[in-house]
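> Just need the structure, nothing else, for what follows:
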Amino acid sequence: MERRLAAILAADVVGYSRLIRDDEAGTLATLKAHRKELIEPKVGERKGRIVKLMGDGLLVEFPSAVEAVQCAVEIQHLIGERDADVADEKRIVYRVGINIGDIVVEDDDIYGDGVNVAARLEGLAEPSGICVARNVFDHVKDKLDLNIEHLGEREVKNIAEPITVYRVVLDDKAAALVTPVVQKATKPIYHRRVIAVAAAVVLVAAVGGVFWWQPWAPDVESAAVERMAIALPDKPSIAILPFVNVGGDLEQEYFADGITEDITTGLSKFGLFFVISRNSAFAYKGVSADVKDVARDLGVQYVLEGSVRKYGDRVRITAQLVDVISDKHIWAEKYDRELEDVFKVQDEITQSIVTSVAPEYLSAEMRRARRKEVRNLEAWDAFMRGYWHFMRFTRDDNSAAQSLLRKAIDLDSRQANYHGMLAVIHVMDAFYGWSESRDASFREALLRAERALALDDQDTLALRSIGLVHFFSKNHDVALGYYERAVAANPNEAENRALLGAALGVAGDYDAALEQIETAFRLSPRDVHIATWYGSLAIAAFVADRDEEAAEWARMAVQANPQFPSGHRTLAASYGNLGRITEAAAAREKLQELLPDLTIAQLRESLPYFKHPDDLERYLDGLRRAGLPDGAND
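Residues are numbered from 1 along each chain as shown. Below is the predicted model of the structure:
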C-alpha cells in the first residue's frame, strides 16, 4: 500500500433516484454528456485523476487544493449555464465536497479519513454548491479570488473531531475564474413524466458486487419524510436489498438471490408490512447506492441489506436493518450455520425484522406466516437456479430453467411454487414460440398449474400461473377470477396487482385496471416488468376507446423498453386509428425490426389481449392502416 497527501473531491447528484425514476433514458444521457463533455475535460485540465465514476457521483484526486477548487467552480458554473433552461424537476445538479488529507492508495483506489471527510463535506453542501474543509480554505484563500463563507464547526458521522466547514460562493467573481471547456456541450433530450408513481426499467446484469461498504462512502443519512420521492404508506414499509454474494463465484449468485427472494416473500405475507417487490429491490443489484437514496426512491422507512458466503457445507449470512427516517441501525447479526439451516436463518431474519419494527404483532402474525413445511435444500437449490435462468428471458435460459424445475420437483414434489414456476415457463415457451408445439406447451402448463393449486390454493405463484394459462388461452373471465384470488391471498405482491389490472383492462374496466396497476407501481417502482405494465394500460385504454391515452401508455412502454414489441404494436394501432399515419408507420417499422415476419393473420390467431372480437378487429384495422401486411392473402 502507498500513502500520500492529496486533495480529494467528492461529488454526488442531488435526487438521483427520483431523476432516474422519472426519466431514466434522459437522465443517463445527460450524466454521460456532463462527464464526457464537461467533467472529464476539466479534471484533466486541472491535473486531477478520476478514481471512481458511479451512477450518481464521482471521486477525484488532485495534487493541489487550488486545482481541486478551481475545477469544482468551473464544473458547477458550466453545468449551470448548460442546463439553465431545463425545468427544475429535470435539472441534474451536483453537491461537491473537497478536503486535503492523507490517503491510502491500493489498486488505483483510495481510502482513508481524507476521503471520508470529503464525502461528509459533500453531504453538507447545498444543491449546486461546494463545501471545503479548513485546510482547503487555508490553501486557496490567497490564491483564488473567491467569496468563501465560514459555516462553523460540524459534527459528522464516524469522524472523531468536528470539522470546520466553509462554503464557496458561486457568484460573479467565481464565474470570472471559469476557463473555456475542452469540448463543446450539447443539450440532452428530455422526456416528460406521465404518472407520479411510475419509474423507468432498470435491468441490471446479475454479476459482481455492490458498494455498500466502501470505506469512503458516507454513512446512512436521514431520509426525511417530506423528501421522499413517493409518499410513505400507512404501515411499516421495507425494502430487502439483494444480498451480496461475498464469495464472488458467479455460479453461486443465484444462492444469494434466493435468500433475498425468500425473505421478501416471507415478510410480504404479514398484513402489517408494506414490502417493496423483489423486482424493484433487485434493480439495485450491483449498483452503487446509498441506503438513504434507496429509501427515498422506493418510499420506504426500513432497508434490510446483507451478504452471503457459501463455503463447503456451511453458509455465513450477515444482515442489518436500517431505519432511514430516524437514521438508526436497528440491528445487525451474523449467522454461521450448516447449509441445511439456511431456511431457519431466513425465518430468524424475518422474525428479527418483525420484533424490531412491530413486536406487538409477533405472536399472531408469526404463527400465521411461519414456515410449516420441511423443505429439501437440494430441491430449493435447483428451484432457485431455475428461477435465475427464467429471469434472463431467452430461449436457452428458459430451456435450462425447465430442466432445473423438473429436477426440483423430482426431489420435492410437495412444493406448490415449484409446479407453478414450471407452468409459467411452459407458458413462455408457448407464447414466444420456443417449443415445438404451442398447444402442447399450454396443455403442460395447465397440468402443472392445476397441480400447484391442488397442493396449496393460497400460494400466489400457483394462482398466478393458472391465471396466466387461462389468460393466454383467451379464457379471460377464468383468468380474472384467479388473479382476484391471488390479490386476496397477498395484496402486497406487485405481480398479483399488475396481472389483475391487465385482466380488468381486457374486460373493458379501464379505471379499475389503472387503479390496480398504479398499486403495482407503488409496490415495485423499479420493476423489470414495468414496460409490460405500461403495455397493459395501453391495451386497457384502447379497449375503452381512448386511443390518445392508449398511444401515451404505449409510448411509455417503448421508452421503458425499446425492445418490447407490444409497445410498438399498440402505438402503431392507436396512431393508425387516430389517422396519424406517419407516426403509425414509424411505430410499425420499429415493430417489424423486432418481428420481421409478423402479419395481421398471425395476430388474429394468437393475440390474447382482447376479450371481445370487435376490439381485436379495431386493433388490427389500426395496424393495417399503419402498413402491417395481412399475411397469406397479401
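
> count of residues packed around the spatially closest residue to Val13 that is not a sequence neighbour?
Distances taken as Cβ to Cβ, 6 or more residues apart in numbering place Asp56 nearest to Val13, at 4.2 Å, with adjacent residues excluded. All C-beta spots, glycine's among them, are computed from the backbone N, C-alpha and C. Asp56 has 22 neighbours, counted by other Cβ atoms under 10 Å.

> Test my guess that Asp56 contacts Tyr16.
Yes - using Cβ atoms under 8 Å, Asp56 makes contact with Tyr16 at a distance of 3.5 Å.

> State the three-state secondary structure for the closest residue to Leu53 other than its chain neighbours.
The shortest distance from Leu53 to any non-neighbouring residue, by Cβ to Cβ, 6+ apart, is to Arg35 (6.8 Å). Following DSSP: H, G, I helix; E, B strand; the rest coil, we place Arg35 in the helix state.

> Give me the pLDDT for Arg35.
Looking at Arg35, its pLDDT is 86.

> where's Phe383 relative to Asp457, distance?
20 Å (Cβ to Cβ, to the nearest Å).

> ok, those two, which is more surrounded?
Neighbour comparison, Phe383 and Asp457: the larger count goes to Phe383, with 27 against 12 (by other Cβ under 10 Å).

> what helix or strand is the more buried one on?
Here Phe383 sits within helix 377-390, counting by DSSP states H and E.

> which residues sit against that helix?
206, 253-255, 257-258, 261, 339-340, 342-343, 397-398, 400-405, 407-409, 411-412, 415, 417-418, 421, 424-425, 428 (Cβ atoms under 8 Å, 6 or more residues apart in numbering).

> Which among the residues you listed count as buried?
With neighbours counted using 16 or more other Cβ atoms under 10 Å, those contain these buried positions: 206, 253-255, 257-258, 261, 342-343, 397-398, 400-402, 404-405, 407-409, 411-412, 415, 417-418, 421, 424-425, 428.

> Filter those residues down to the ones in strands?
Judged by DSSP state E, strands contain none of the buried ones among the contacts of helix 377-390.

> Check the residue nearest to Val13 and give its pLDDT.
Looking at Asp56, the pLDDT reads 73.

> switch to numbering from 672
Taking 672 as the first residue, the last one we looked at is Asp727.

> now the strands for the protein?
Using DSSP E, strands in the chain cover 673-684, 720-724, 728-733, 765-777, 780-782, 801-804, 818-825, 834-840, 908-911, 915-916, 945-946, 973-982, 985-994, 999-1009.

> These: which one's closest to Ser1277?
Proximity to Ser1277 (Cβ to Cβ) singles out strand 945-946 among the strands of the chain, at 35.5 Å.

> Tell me the strands beside the closest one, with direction?
Note on strand 945-946: by DSSP bridges, its sheet partners are strand 908-911 (parallel).

> what's the distance between the strand it pairs with and the middle of its chain?
The chain centre lies 13 Å from the centre of strand 908-911; the measure is Cα atoms, centre = their mean, to the nearest Å.

> Alpha carbons only: can I get that strand in CSV?
Backbone C-alpha positions of strand 908-911 (Å, rounded to 0.1, in the frame of the first residue of the first chain) are rendered in CSV as follows:
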residue,chain,number,x,y,z
SER,A,908,-42.6,-0.1,4.9
ILE,A,909,-39.4,-2.0,3.9
ALA,A,910,-37.2,-2.9,1.0
ILE,A,911,-35.0,-6.0,1.2
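
> Name the residues that touch it?
931, 934-935, 938, 944-947, 949, 951-952, 965-966, 969-975, 1024, 1028.

> Check which residues of stretch 715-733 are buried.
Here stretch 715-733 shows 716-717, 719, 722-723, 725-733 as buried, counting by 16+ other Cβ under 10 Å.

> what's the most distant pair in the residues you listed?
Top of the distance list for these (Cβ to Cβ): Glu716 and Gly726, 24.6 Å.

> Where does the record place the domain boundaries for this protein?
673-846, 896-1043, 1045-1159, 1162-1305 (automatic domain parsing).

> Near Asp843, how many other residues are there?
Using other Cβ under 10 Å, the number of residues around Asp843 comes to 8.

> In the stretch 1172-1305 of the chain, where is pLDDT below threshold?
Scanning the stretch 1172-1305 of the chain for pLDDT under 70 picks out 1303-1305.

> Take the buried ones among the contacts of helix 1048-1061 and keep only those in helices.
924-926, 928-929, 932, 1013-1014, 1068-1069, 1071-1073, 1075-1076, 1078-1080, 1082, 1088-1089, 1092, 1095-1096, 1099 (DSSP state H).

> residues contacting the nearest residue to Thr835 once chain neighbours are set aside?
Nearest residue to Thr835, sequence neighbours excluded (Cβ to Cβ, 6+ apart): Arg805, at 3.9 Å. Arg805 sits next to Ile834, Thr835, Tyr837 when contact means Cβ under 8 Å, 6+ apart.

> Most neighbours among those residues, please name it.
Tyr837 (23 neighbours).

> you'd agree it is up against His821?
Yes - between Tyr837 and His821 there is a contact under Cβ under 8 Å: 5.8 Å.

> related to what we said a few turns ago, and the gap between the residue nearest to Val684 and Gly697?
Applying Cβ to Cβ to Asp727 and Gly697 gives a distance of 15 Å.

> Got phi/psi on the closest residue to Asn950 other than its chain neighbours?
Distances taken as Cβ to Cβ, 6+ apart place Asp1198 nearest to Asn950, at 4.2 Å, with adjacent residues excluded. Here is the backbone geometry of Asp1198 (degrees, to the nearest 10): phi -70, psi 140.

> Asp1198: what's it in contact with?
The contact partners of Asp1198, by Cβ under 8 Å, 6+ apart, come to Ala870, Val872, Ser948, Asn950, Ser951, Ala954, Ala1165, Ala1191, Phe1192, Trp1204.

> So Ala1191 is in contact with Gly1172, correct?
Yes - between Ala1191 and Gly1172 there is a contact under Cβ under 8 Å: 6.6 Å.

> Give the intersection of the neighbour lists for those two.
Common neighbours of Ala1191 and Gly1172, counting by Cβ under 8 Å, 6+ apart, are Trp1204.

> From Val965, how far out is the closest residue to Leu912 other than its chain neighbours?
Counting by Cβ to Cβ, 6+ apart, Leu912 lies nearest to Glu976, which is 4.5 Å off, once chain neighbours are set aside. Distance of Glu976 to Val965, computed by Cβ to Cβ: 9 Å.

> what's the overlap in contacts for those two?
Common contacts of Glu976 and Val965, defined by Cβ under 8 Å, 6+ apart, comprise Leu912.

> I'd like to know how many residues surround the residue nearest to Ala1215 when sequence neighbours are not counted.
Once flanking residues are discounted, Ala1215 sits nearest to Tyr1181: 3.9 Å by Cβ to Cβ, 6+ apart. When neighbours are defined as other Cβ under 10 Å, Tyr1181 has 22 of them.
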